[in-house]
Structure formats: C-alpha cells, structure tokens
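Chemist: structure, please.
(one chain, ligands or ions: 2)
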Amino acid sequence: MQQNLLDFDVAQLTAWFAEHGEKPFRARQVLRWIYKGGESDFDAMSDLAVSLREKLKQIACVRAPKVMREELSDDGTRKWLLDMGTGNAVETVFIPEEGRGTLCVSTQAGCALDCAFCSTGKQGFNRNLSVAEIIGQLWWANRQLGKDAAGSWQISNVVLMGMGEPLLNYDNTVSALRLMLDDHAYGLSRRRVTVSTSGIVPAMDRLRDECPVALAVSLHAPNDQLRDELMPINQKYPLKELLAACKRYLEKAPRDFITFEYVLLDGVNDSEQQARELVQLVRDVPCKFNLIPFNPFPQTHYRRSKPEAIRRFRNVLMQADIVVTTRKTRGEDIAAACGQLAGLVQDKTQRTVQRPAALHG
Ligand code: SAH
Ligand code: SF4
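Modeler: Ligands and ions are numbered 1, 2, ... in the order given. Model prediction:
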C-alpha cells in the first residue's frame, strides 16, 4: 500500500525518509512541495533526483479526503463536504474577512460528548479523523483558493471548530497542528491557529506543554448546574477545574487570553443575571468572549436568543471590561457558519434520523 505523506508531521516524515535511505533535507524538500507548493505529483517536484521521484511514485502518495460537494455562499463563505468513507462525512468551511481568511476544520466524524445544543453531538461518535484527513482539509482548501497577489495562501488563520472534539483526537490533532506551524510546511503563527475545546482538562495541560496554540473554550453556562445539563462533559471536568486549567494554559500560551465561546440559547443561558454570574465566574481568568447566536437544527427544542437579549447580555460583560465579539452568522444560505453538517452523516446512535445541514455559529 502506498504511504500517504499527508499522514506524517515533519519529524515522522524525516524518520520515514531515513528508513528509506534518504537524507533529512530530502524530506524537507518534499514537505515544501506539498505544503508551500500545494503539489501532489512527484514528477512535478523538479529539484528531486529522478530516481527519488520514481521511488516515491511507487511507495507514496499525497492524498486529501475526497470532496463530495462544494458550496459557495453569496458572502464568499465556501463549504466543502468531505467523504470519510462508510457513510461518514465532515465539512470544512472557509470564511473570508477583511485582511484575513479563516478555515474552520473538523477533527472527528461525529462527537461523543453529546452537548444538548449541538447537532454533531446528536449524531454520536463515528470515528477520529487521521492526520491526513485533518491537514488534508487545509491542503485541499489552499489548493482550491489559490494564492494572493503577494504569493501567500489565502488562508491565514485556522480554527479547529468544525465537527468533533479535537482534544479527544489528541495525537492526530497535534501532528496536524505541527504541520500548520512548521516553517517547512505552512509556517502559520501559533496565534493564528486556534483549538476549540469543550474542556478536556488533562488534554489542555498536554497541549500547553507539547504544542501551545491559541485556545478557545466552550463555556455556555455560568454555573455547574446548567453546564452539566448543556454539556455532559462538565460532570467529569467541572468549571472550577476547567478554569484552573485555563489559567495554567495561559502560562505558556501564545496569546495572553483565553477565548470563551458562549452559545446564546433563548431563555436558557441568556439572562442579565446569568451574565453577571459569568463575570464573577471568570473574574481571575484573562479572557475574551465570543457570543455565538445559536444555529437551530430540526431536532432541537432550543431557540436563538432575541437580538435584544444578546445586546443586554453583551453589555453586562462589556461593563465588566471584558472584550466581547458577537459572531456574525456567515454563509447561512449554504448552512455554512463555522462547524457542522449533519445531513449526510450517518447516525450511529439512532437518536435522530438524517436531517438537513445545521451548523455551528
Ligand atoms: N468540540 C469543540 C469544537 C467544535 S464545536 C467544542 O465544543 O468547543 C465549535 C463551537 O460551536 C463550540 O463552541 C460549540 O459549542 C458551538 N456549537 C455547537 N452547536 C452549535 C449550534 N447549534 N449553534 C451555535 N454554536 C454551536
Ligand atoms: Fe462535541 Fe463540541 Fe458538539 Fe459538544 S459542541 S457535541 S464537544 S462538537
């Protein structure tokens, strides 16, 4: 079987080259072709010896996940639906903004954590994505979008906020992160790569020590009682432990704040009283808040908060000197706000049947 080179981070690729009698600088050359050049054809890698090209053609390939569908929104948001085999699909979303382009990447097909408001969670867990399937989303999107006038890829930022819990697919996620950061591959700054987690405390500590990047934590409730209900993982890692882990993370993080994500659910977690409780909760964690209007999907009983409630909630945080952004809903015409597509993904839990696309905020 041919080895997919997208499955290796830099150290692994170098080791694999050594096993095949090739020098480390050859591995770096190939990396540059693959990631800086977007090249998958070994014949086009013109500075490699012909014999090496021939050898690579026999034993290796560069293969991103298969794209089942591509959609383009009126606002420039693009969404690719990727085939993960055996009825599984995940999606990748590109969000162009003034001065930057952000790719929202998935790390698992489905998710085991079953947050009450999340349509990925409603599918149950299908499987972890491989390194090639994670980095392949960026590789593929870069190839599709091409470079800007200055010769840089259009994707300047990556957020792991698509389907799945990245820190429950830790090893593959970290290998993919290393490729995003490595100068021979994409060379993105650690500040421009964000992992979003529901709060897997031990893995947050590992990430801090092994591959610190910007961190977003899904909070969604100001106390354990409500968070237990919305996010069952809170029963394992309650708020006190989670916030302590956030503080530890900041000791080595590339940014000096944690981004807290907070999905606003009408009448559930969006009152001014709850906003005040939240201010108290996070008072000794340097943070910014990203308020996310809930994206409804057919099987949910939750509703998006009213604009007036969102404004009031935001004001309470701002009056406490917390920087708040309210996520714009992008690509709604193609159901492509950062995140999740449910419709074509097999439901392994039988909790819900197939449904149209429903996505994160
Ligand atoms: N599993 C990780 C990352 C993927 S989810 C996490 O939970 O952080 C990315 C973000 O989308 C999370 O903040 C998640 O809570 C949010 N989200 C999930 N379902 C949503 C919905 N229906 N509407 C808006 N945001 C949603
Ligand atoms: Fe999983 Fe994140 Fe969805 Fe929760 S919000 S079910 S952790 S993908």
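
Chemist: for the stretch 1-150 of the chain, which segments count as helices?
Modeler: 10-19, 24-31, 50-59, 119-123, 131-145 (DSSP state H, counting those that start in this stretch).

Chemist: looking at these, which one has the lowest mean pLDDT?
Modeler: Among these, helix 119-123 carries the lowest mean pLDDT, a mean of 88.

Chemist: pull out the buried positions in that helix.
Modeler: 119, 120, 121, 122, 123 (16 or more other Cβ atoms under 10 Å). Glycine gets a C-beta too; all of them are placed from N, C-alpha and C.

Chemist: ligand 1 next: which of the residues you listed are close?
Modeler: Contacts with ligand 1 are made by residue 119 out of the buried residues of helix 119-123, judged by Cβ under 6 Å from any ligand atom.

Chemist: of the buried residues of helix 119-123, which is the nearest to ligand 1?
Modeler: Proximity of these to ligand 1 (Cβ to the nearest ligand atom) peaks at residue 119, which lies at 5.9 Å.

Chemist: let me see the contact set for residue 200.
Modeler: 165, 167, 168, 233, 237 (Cβ atoms under 8 Å, 6 or more residues apart in numbering).

Chemist: what about stretch 289-302, average pLDDT?
Modeler: Mean predicted lDDT for stretch 289-302 stands at 92.

Chemist: before we move on, what about stretch 161-175?
Modeler: 97.

Chemist: okay, how far is it across that stretch, tip to tip?
Modeler: One end of stretch 161-175 sits 17 Å from the other (Cα to Cα, to the nearest Å).

Chemist: how far does it sit from its chain's centre?
Modeler: Centre-to-centre, stretch 161-175 and its host chain are 8 Å apart (Cα atoms, centre = their mean, to the nearest Å).

Chemist: that stretch: which residues count as buried?
Modeler: 161-170, 172-175.

Chemist: the residues you listed also near ligand 1: which ones?
Modeler: Within these, those near ligand 1 by Cβ under 6 Å from any ligand atom are 161, 165.

Chemist: okay, the buried residues of helix 119-123 in JSON lines with distance to residue 29 next?
Modeler: As requested, the buried residues of helix 119-123 are exported to JSON lines (distance: Cβ to Cβ, whole Å):
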{"residue": "119", "distance to residue 29": "43"}
{"residue": "120", "distance to residue 29": "38"}
{"residue": "121", "distance to residue 29": "43"}
{"residue": "122", "distance to residue 29": "45"}
{"residue": "123", "distance to residue 29": "41"}
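
Chemist: tell me the residues on the stretch 51-200 of the chain that lie near ligand 1, please.
Modeler: So far as Cβ under 6 Å from any ligand atom goes, the stretch 51-200 of the chain lies against ligand 1 at 115, 117, 118, 119, 161, 165, 196, 197, 198.

Chemist: now the phi/psi pair for the fifth one, please.
Modeler: When you say that, I think you mean residue 161. phi -130, psi 20 (degrees, to the nearest 10).

Chemist: repeat for the last one
Modeler: The main-chain torsion angles of residue 198 are listed as degrees, to the nearest 10 and equal phi -80, psi 0.

Chemist: before we move on, what about the third one?
Modeler: Its backbone dihedrals place residue 118 at phi -120, psi 130, with angles given as degrees, to the nearest 10.

Chemist: still on that earlier bit, which among the buried residues of helix 119-123 gets closest to residue 295?
Modeler: residue 119 (8.1 Å; Cβ to Cβ).

Chemist: need the single longest strand in this structure, by residues.
Modeler: Under DSSP state E, the strand in the chain containing the largest number of residues is strand 88-97.

Chemist: which parts of the stretch 101-250 of the chain are strands?
Modeler: 108-110, 125-128, 157-160, 193-197, 214-218 (DSSP state E, counting those that start in this stretch).

Chemist: okay, those, which one's buried deepest?
Modeler: strand 108-110 (a mean of 27; mean count of other Cβ atoms under 10 Å).

Chemist: so what does that one touch, helix or strand wise?
Modeler: Using 3 or more Cβ pairs under 8 Å, 6 or more residues apart in numbering; DSSP states H and E, the elements in contact with strand 108-110 are strand 88-97, strand 125-128.

Chemist: residue 253 is nearest to which of those?
Modeler: So among the helices and strands packed on strand 108-110, strand 88-97 is nearest, using Cβ to Cβ, at 23.0 Å.

Chemist: list the buried residues for the closest one?
Modeler: 88, 89, 90, 91, 92, 93, 94, 95, 96.

Chemist: bridge partners for the first one, pull those for me.
Modeler: Yep, that's residue 88 we're talking about. Here residue 88 sits in beta bridges with residue 85, as judged by DSSP bridges.

Chemist: please tell me I have it right and it contacts residue 109.
Modeler: Yes. The pair residue 88 / residue 109 is scored as a contact, 4.1 Å apart, by Cβ atoms under 8 Å.

Chemist: what about stretch 163-178, distance to the chain center?
Modeler: With Cα atoms, centre = their mean as the basis, stretch 163-178 stands 9 Å off its chain's centre.

Chemist: ok, that stretch near ligand 2 or not?
Modeler: Yes. Using Cβ under 6 Å from any ligand atom, stretch 163-178 reaches ligand 2 at 164, 165.

Chemist: quick one: residue 291 and residue 264 touch, right?
Modeler: Yes. Contact criterion Cβ under 8 Å: residue 291 and residue 264 qualify, at 5.8 Å.

Chemist: shared neighbours, these two?
Modeler: Jointly contacting residue 291 and residue 264 under the rule Cβ under 8 Å, 6+ apart are 310, 313.

Chemist: those two - which one has more neighbours?
Modeler: residue 264 (24 against 21; other Cβ atoms under 10 Å).
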